[in-house]
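>>> Everything below, folded, please.
(one chain, ligands or ions: 2)
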Amino acid sequence: MSRLDFFKTTPIHKEYIILDYLSKNAKVTQRDISSVASISLAMVNQYLDTYEKEGYLSKVYLNNKNMEYHITEKGIQRKKYLNIKYLESARDVYQDAKANIKVFLNDIMSKGFRKILLYGAGDVADIILLVINSEPEINLEVCGIIDDNPAKHGSKIFSTKIIGINDLKVHEHDAVLIASYAYYEKMYDNLIKNNYDKNKILKYFGWGELMKITIVGTGYVGLSNAVLLSQFNEVTAFDINESKINLINQKISPIVDKELEEYITHKELKLKASIYEDVAFDNPKFIIIATPTNYDSQLNYFDTSSVDQTIEKINKRELKSTVIIKSTVPVGYTEEISKKYPNLEIIFSPEFLREGKALYDNLYPSRIIIGSNSENAKAFANLLLQGSLKENTPVLFTGSTEAEAIKLFSNTYLALRVAFFNELDTYAEIRGLNTKEIIEGVGLDPRIGSHYNNPSFGYGGYCLPKDTKQLLANYQDIPQNIMTAIVDANRTRKDHIAEMILSRKPNKVGIYRLVMKNDSDNFRSSSIQGIMKRIKAKGIEVIVFEPVLTEDTFYNSKVERDFEKFIAEADVIVSNRFYKELEKVKDKVYTRDIFNRD
Ligand SMILES: NC(=O)C1=CN([C@@H]2O[C@H](COP(=O)(O)OP(=O)(O)OC[C@H]3O[C@@H](n4cnc5c(N)ncnc54)[C@H](O)[C@@H]3O)[C@@H](O)[C@H]2O)C=CC1
Ligand SMILES: O=C(O)[C@H]1O[C@H](OP(=O)(O)OP(=O)(O)OC[C@H]2O[C@@H](n3ccc(=O)[nH]c3=O)[C@H](O)[C@@H]2O)[C@H](O)[C@@H](O)[C@@H]1O
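Ligands and ions are numbered 1, 2, ... in the order given. Predicted coordinates:
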């Protein structure tokens, strides 16, 4: 953790600050409150209105310009409650700070330092000493605390004496650890002026900013994590694909994604990309694996070989790095592989981003799940939080197998939901009913909701199809009906869609876009490909319009780049999602996009 992240205010803290301030000063302006609580004037207004509605305060108008805020008895009780709540969250913050310091001290020990001097006899020194004294595995001796304030010399923090910088040479030691955020630069400068060896200067706050992280695999997951983390850490992105590496080094995103493109090109990131293993594996603190885990239909299981090979390489190099697996793996994988590599700390942390919103979903994460509660797991969670823009993101530390299950059950639930609304649509289409009316009526139940319910040719994309199959494989020997149904439903849906298209008796079918969603440039496992295959199997000619393709044919079907020619040639135009440009040939279009969105 770098900067003062663990002092970020929470909403409870803000509410407490405002009530506390008002209880001490009745005659204040909204501007005063805004500056004390660091919130906008609009927010101040909202808080005051809510307090009044809840009966925590009454407004007394002195004249038409000035007013006083009087806290009621109910407001005093609320303040008491918030005080306790704030203390609880402060305790968590304190535990967090301790965990981060512990990781840091372990790092110092791994570099061979044993006897240190602290610089700065303040709160940071206090908490560092507390961690050293209370954690038996931290084998560091603090020989003294340097401080530039002579009034402090001679007194102690715990049993450690405060000394002046002139006493540097008197105390035998290996390094000086700067224990101040505000005066870091001044202290560093002082040490250098005293001819102190800069290789022996350790810094707690500087350390977080320069933490070295390596990311293996620069796809959707790897690149968005690389960008997120390189805002505050030194990140090396490693890939076997040289052209991707070159693009990243030229500040160009190899992936179409609004936020990723904007951040890579315009933000100041500490990000470099490399195809060289020696550069990538130069002793980083964390190595994040984000390589593919495709579903192997022969084995009926994920092919985890790219993850296996990366872990093998890390082990061979005898690195001390903590390995974080972000790739989706079968349930139980991390526990198994950890047994094989007892010298490595391997942690699974599921990734929940959507393609097309890869960085956005990391800047505003729904949750952070880490399959471990070790010190490094906590430090990693803090890194993700540090890079994000959302406040109060839920963070869950779970067992490693539970974290893997969370990932596969989440995606399988999403697939279930898509499959459900697709089957609803199949029913409505065959019975001649209005799908839109039915879905809208169903969704108005708040337990169901009007989201993630737009019919399609089937759930597609890289992950939903493969993750559902992997979870089904993990169910081997465990009773179930739904898991099989979720996988089968997608096949049945595509059969139905293909039949509906064939019932129009086309001579030539035009496939309009292979991509799975409007905002994605990716067509891995998009459902329309399944439709295309079924139509071709009946001997019908298919042509494809897909600007993302550079080839002239796709699975032996002609790729037509000229839109006008494409719409003239095809007698049925099949499109998973409706696009504005199809408006003029609406009668030829077959789609089940009811709501005009993903
Ligand atoms: N795409 C998505 O929306 C999400 C994907 N995931 C999971 O994350 C993993 C990665 O997925 P994506 O980022 O979509 O994949 P991707 O295919 O976009 O990127 C993978 C990258 O890894 C590189 N690579 C392959 N083998 C390598 C090796 N041995 N060493 C170094 N680099 C290697 C490839 O060149 C490629 O650039 C998969 O397990 C996937 O299931 C998880 C959540 C979301
Ligand atoms: O593990 C993953 O890879 C990711 O898989 C999905 O993300 P993604 O595949 O990018 O796309 P979604 O937007 O969820 O769509 C999945 C499929 O369902 C279809 N879909 C989606 C929504 C909808 O209402 N109807 C519908 O048919 C889409 O067209 C697409 O084919 C999940 O939404 C992410 O949370 C998850 O991290």
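>>> what pLDDT does Arg493 get?
pLDDT for Arg493: 98.
>>> Quick check: closest non-adjacent residue to Leu19.
The shortest distance from Leu19 to any non-neighbouring residue, by CB to CB, 6 or more residues apart in numbering, is to Lys79 (4.5 Å). C-beta here means a position set from N, CA and C on the backbone, and glycine is covered the same way.
>>> Quick one: distance of the helix or strand where that neighbour lies to the chain centre.
For Lys79, the element it lies in under DSSP states H and E is helix 73-110. Here helix 73-110 is found 23 Å from its chain centre; the criterion is CA atoms, centre = their mean, to the nearest Å.
>>> Ok, stretch 572-584 next?
34 Å.
>>> next one: stretch 536-552
36 Å.
>>> again with stretch 211-223
Taking CA atoms, centre = their mean, one finds the center of stretch 211-223 at 12 Å from the center of the full chain.
>>> could you check whether that stretch is close to ligand 2?
No - contact of stretch 211-223 with ligand 2 (CB under 6 Å from any ligand atom) is absent, the minimum separation being 7.6 Å.
>>> Show me which positions of that stretch end up buried.
Neighbour counts using 16 or more other CB atoms under 10 Å place 211-223 of stretch 211-223 among the buried residues.
>>> And for stretch 261-275?
Buried residues in stretch 261-275 (16+ other CB under 10 Å): Glu261, Tyr263, Ile264, Leu269, Lys270, Leu271, Lys272, Ala273, Ser274.
>>> mind checking how far the fourth one is from Glu551?
Okay, so that is Leu269. Look at Leu269 and Glu551: by CB to CB, to the nearest Å, they are 33 Å apart.
>>> Take the buried residues of stretch 261-275 and lay them out in JSON lines including pLDDT.
Listed next are the buried residues of stretch 261-275 as JSON lines, based on pLDDT from 0 to 100:
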{"residue": "Glu261", "pLDDT": "96"}
{"residue": "Tyr263", "pLDDT": "97"}
{"residue": "Ile264", "pLDDT": "96"}
{"residue": "Leu269", "pLDDT": "93"}
{"residue": "Lys270", "pLDDT": "92"}
{"residue": "Leu271", "pLDDT": "94"}
{"residue": "Lys272", "pLDDT": "94"}
{"residue": "Ala273", "pLDDT": "94"}
{"residue": "Ser274", "pLDDT": "93"}
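>>> Can you find the helix or strand in this structure with the smallest mean pLDDT?
helix 204-209 (a mean of 58; mean pLDDT, DSSP states H and E).
>>> Helix or strand next in line after that helix, which one?
Downstream of helix 204-209 (by DSSP H and E), the next one is strand 212-216.
>>> Quick check: neighbours of that following strand in the sheet, parallel or antiparallel?
strand 234-238 (parallel), strand 286-289 (parallel) (DSSP bridges).
>>> Is it positioned near ligand 1?
Yes - counting by CB under 6 Å from any ligand atom, ligand 1 is contacted by strand 212-216 at Val216.
>>> can you list contacts of that strand?
With CB atoms under 8 Å, 6 or more residues apart in numbering as the test, strand 212-216 has contacts from 222-223, 225-226, 229-230, 233-239, 280-291, 310, 321, 383.
>>> Name only those of those that count as buried.
Buried, going by 16+ other CB under 10 Å: 222-223, 225-226, 229-230, 233-239, 280-281, 284-291, 310, 321, 383, out of those.
>>> Residues of the stretch 251-400 of the chain that sit close to ligand 2?
Going by CB under 6 Å from any ligand atom, the residues of the stretch 251-400 of the chain near ligand 2 are Glu351, Phe352, Leu353, Arg354, Glu355.
>>> close to ligand 1, is stretch 517-531?
No - contact of stretch 517-531 with ligand 1 (CB under 6 Å from any ligand atom) is absent, the minimum separation being 7.7 Å.
>>> Near the closest residue to Glu551 other than its chain neighbours, how many other residues are there?
Using CB to CB, 6+ apart and skipping residues adjacent in sequence, the residue nearest Glu551 is Val559, 6.3 Å away. By other CB atoms under 10 Å, the residues close to Val559 number 18.
>>> Give me the phi and psi angles of the residue in the chain that ligand 1 sits nearest to.
In the chain, no residue comes nearer to ligand 1 than Gly219, which is 1.8 Å away by CB to the nearest ligand atom. Gly219 adopts backbone torsions of phi -90, psi -150, taken as degrees, to the nearest 10.
>>> need the contact list for it.
So Gly219 contacts Ile255, Ala290, Thr291, Pro292 (CB under 8 Å, 6+ apart).
>>> measure it to Phe286 for me?
Distance from Gly219 to Phe286, by CB to CB: 18 Å.
>>> Repeat that for Val170.
39 Å.
>>> returning to that earlier point: columns distance to ligand 1 and mean pLDDT on top of the strands paired with strand 212-216, output as a markdown table?
Listed next are the strands paired with strand 212-216 as a markdown table, based on distance: least, CB to the nearest ligand atom, whole Å; pLDDT from 0 to 100:
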| stretch | distance to ligand 1 | mean pLDDT |
| --- | --- | --- |
| strand 234-238 | 6 | 96 |
| strand 286-289 | 8 | 98 |
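>>> May I ask you to confirm that Phe554 is in contact with Phe545?
No - counting by CB atoms under 8 Å, Phe554 stays clear of Phe545, with 10.3 Å between them.
>>> circling back: would you format the strands paired with strand 212-216 as a markdown table with distance to Asn190 included?
Compiled in a markdown table, the strands paired with strand 212-216 are given as follows (distance: least, CB to CB, whole Å):
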| stretch | distance to Asn190 |
| --- | --- |
| strand 234-238 | 26 |
| strand 286-289 | 32 |
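>>> out of these, nearest to Lys494?
strand 286-289 (32.6 Å; CB to CB).
>>> Identify the residues contacting the helix or strand that that closest one is followed by?
Heading C-terminal from strand 286-289, the first helix or strand you meet, by DSSP H and E, is strand 295-296. With contact meaning CB under 8 Å, 6+ apart, strand 295-296 is reached by Tyr301, Phe302, Asp303, Pro465, Lys466, Lys469, Gln470.
>>> what about the fifth one, how many neighbours?
If I follow you right, that is Lys466. The burial count for Lys466: 23, using other CB under 10 Å.
>>> So is the host helix or strand of it next to ligand 1?
Taking DSSP H and E as the criterion, Lys466 maps to helix 463-474. Yes - contact between helix 463-474 and ligand 1, assessed by CB under 6 Å from any ligand atom, occurs at Cys463.
>>> Is the following helix or strand past that helix positioned near ligand 2?
Remark: after helix 463-474, the chain's next helix or strand is helix 482-502, criterion DSSP H and E. No - judged by CB under 6 Å from any ligand atom, helix 482-502 and ligand 2 are separated, with a smallest distance of 9.5 Å.
>>> mind listing the helices in the stretch 201-350 of the chain by residue range?
Assignment of helices within the stretch 201-350 of the chain using DSSP state H, counting those that start in this stretch yields the ranges 204-209, 220-229, 242-249, 258-266, 277-280, 305-316, 333-340.
>>> can you tell me the average pLDDT over the fifth one?
If you average the pLDDT over helix 277-280, you get 91.
>>> ok, and does that helix reach over to ligand 1?
No - Helix 277-280 is not in contact with ligand 1 by CB under 6 Å from any ligand atom; minimum separation 8.7 Å.
>>> Show me the contact partners of that helix.
Contacts of helix 277-280 (CB under 8 Å, 6+ apart): Thr214, Val216, Thr236, Phe238, Ser274, Lys313.
>>> with those in mind, which one is nearest to Lys588?
Val216 (46.2 Å).
>>> And that closest one, how far from ligand 2?
18 Å (CB to the nearest ligand atom, to the nearest Å).
>>> Which strand residues bridge that residue?
Phe238, Ile289.
>>> How about Ile157?
For Ile157, the beta-bridge partners are Thr160 (DSSP bridges).
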